[in-house]
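[1] Quick one: sequence and predicted model below, then my questions.
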Amino acid sequence: MSGYAGNLTYPTKPLLFNSVSAQDFGVFTNSVTSQKELLFKKSGISLPYKNKAGTIVGSVKKILPKAWTPRVVLALLGSNAPAEDLHYEYGFTINREVKNPGVGNSEITPFDVYYGGSLPKVTTTSGIIDAVHMTTMREDIIDQITNHKRYSSNGYDAWVNASLAKIITWDAAKTLDINGVTAVVGATVAAFITGINADPTTLVTAYALPAAIGTSKVVLIAAPGTKTMTLEATAAGTIMVVDTNDYIGLVGKETDINFHFVDPTGQNSAITIVEGNFALMSADDVYREFSQMVHDGALANQHRVEKPLNAPYVKYVFEVDMPSAGFHGASEGHSYKQEVVVYVLQSLVATDKWDASGFMWESVTDDAGFVADTNLDELFGVGGATGWKS
């Protein structure tokens, strides 16, 4: 008879390591099952990879840190003439997505902020709103987002930076002056973008458009709050093609908040330039994981264990089906899933600390033939290594 015990009985065990040595981890052969087991020496935890019958019961997954990348979106206000000669409403909504929902940031419904307004009347030409009105509306929205400040301790500033954005078509045979600064054309689109971003005097940030839109298309987004941009040819050159549309560039600015463009009117459009992602395994993430750990009866903020450092960590997740005796008969048996999550400073992972012939020794003092030739990944059996899995 077998079954899984509840996770309240066998909760996930998180372990933090700001240093790594053979005094922390080792792999030995269980004399009863004749199978390798990973030993957490200071915690008294031992995890088999295979059971006595040779069936795999364990697994390990490595999660690497990832830096925060802000989302970048181009918003284009609709320019179709209104059906009636009345006041014209314009605008769109920015929706907030939080990394860590909790007290004060876990709205039941999405938290939206609308930026927009209305004009008493707009003039049109051939069914298109005249440029003077489009400029007024675009600049008003940029100002609204830029000047959006919290009005209370429970409020929020704008979650994005907003400014004028333009799309150009890169051409190695043509030139471009950006706000009076000659851009280095470069041999490729990528080199062109790199050159612009390396020169802060251009006062813009360059991005590649998604390949599905065009492999030679480049987005230029002005500095936050900026509503103008001067694009010209050099004195002796021909200017690159500049898209006639004027966009609002929206760039995320909060590491723990992402945003989404929402168009309740159905008259606007948007292009996502960079999807963006939250930071993964940052120092804050690891600190949050251990902030409420209780140890030896001490208060959570006084626990006498290692505390996370302000540095990136690597996360290893071990899951093992562990045997457990039953309660109702001599032949009854159960199994439960034990999960152990190990956080290790990323800088320590690649250092050889173990001897592949033993996996338990730390130095020649322990074993005369000791040779440090195995790192933590190899010991844990990730990335094609055997170690614990051998």
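    Looks like it arrived, so ask away.
[2] Show me what the helix or strand harbouring residue 335 is packed up against.
    Residue 335 is part of strand 333-345 when elements are defined by DSSP states H and E. For strand 333-345, the packing partners by 3 or more C-beta pairs under 8 Å, 6 or more residues apart in numbering; DSSP states H and E come out as strand 13-17, strand 45-48, strand 313-325. (Each C-beta comes from the backbone N, C-alpha and C, glycine too.)
[3] Which stretches in the stretch 101-250 of the chain count as strands?
    111-119, 124-125, 128-129, 160-169, 177-178, 181-182, 204-208, 217-222, 231-232, 241-242, 247-252 (DSSP state E, counting those that start in this stretch).
[4] Break down this protein into its helices, ranges please.
    Counting by DSSP state H, one finds helices in the chain at the ranges 131-146, 189-197, 283-290, 376-380.
[5] In terms of secondary structure, what does the first one contact?
    The elements that helix 131-146 packs onto, with contact taken as 3+ C-beta pairs under 8 Å, 6+ apart, are strand 88-98, strand 111-119, strand 160-169, strand 247-252.
[6] Could you check how far the nearest residue to residue 140 once chain neighbours are set aside is from residue 164?
    Using C-beta to C-beta, 6 or more residues apart in numbering and skipping residues adjacent in sequence, the residue nearest residue 140 is residue 117, 5.7 Å away. In this view, residue 117 and residue 164 are 18 Å apart by C-beta to C-beta, to the nearest Å.
[7] Tell me which of the two has more neighbours.
    In this view residue 117 and residue 164 are compared by other C-beta atoms under 10 Å, and residue 164 has more residues nearby, 22 against 14.
[8] Pull the contacting residues for residue 71.
    Listed by C-beta atoms under 8 Å, 6 or more residues apart in numbering, the contact partners of residue 71 are 250-252, 258-259, 272, 274-276.
[9] could the helices and strands packed on helix 131-146 go into TSV alongside mean pLDDT and distance to residue 218?
    As requested, those are exported to TSV (pLDDT from 0 to 100; distance: least, C-beta to C-beta, whole Å):
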stretch	mean pLDDT	distance to residue 218
strand 88-98	90	24
strand 111-119	91	26
strand 160-169	97	5
strand 247-252	97	13
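[10] Pipe those into JSON lines and attach distance to residue 38 per row.
    Listed next are the helices and strands packed on helix 131-146 as JSON lines, based on distance: least, C-beta to C-beta, whole Å:
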{"stretch": "strand 88-98", "distance to residue 38": "36"}
{"stretch": "strand 111-119", "distance to residue 38": "44"}
{"stretch": "strand 160-169", "distance to residue 38": "46"}
{"stretch": "strand 247-252", "distance to residue 38": "40"}
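[11] what's the closest of those to residue 230?
    With C-beta to C-beta, the closest approach to residue 230 among those belongs to strand 160-169: 10.3 Å.
[12] and that closest one, which strands flank it?
    Partners of strand 160-169 in the sheet, by DSSP bridges, are strand 217-222 (antiparallel), strand 241-242 (antiparallel), strand 247-252 (antiparallel).
[13] Give me the contact list for the last one.
    Outside strand 247-252, the residues within contact range by C-beta under 8 Å, 6+ apart are 70-77, 94, 138, 141-142, 145, 159-167, 205, 219, 221-222, 224, 258-259, 261, 276.
[14] returning to that earlier point: in JSON lines, list the helices and strands packed on strand 333-345 along with distance to residue 181.
    Formatted as JSON lines, the helices and strands packed on strand 333-345 follow (distance: least, C-beta to C-beta, whole Å):
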{"stretch": "strand 13-17", "distance to residue 181": "48"}
{"stretch": "strand 45-48", "distance to residue 181": "59"}
{"stretch": "strand 313-325", "distance to residue 181": "41"}
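[15] Let's have those in TSV, adding mean neighbour count, distance to residue 370 and mean pLDDT.
    Shown next, in TSV, are the helices and strands packed on strand 333-345 (neighbours: other C-beta atoms under 10 Å; distance: least, C-beta to C-beta, whole Å; pLDDT from 0 to 100):
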stretch	mean neighbour count	distance to residue 370	mean pLDDT
strand 13-17	18	21	87
strand 45-48	18	22	90
strand 313-325	18	24	86
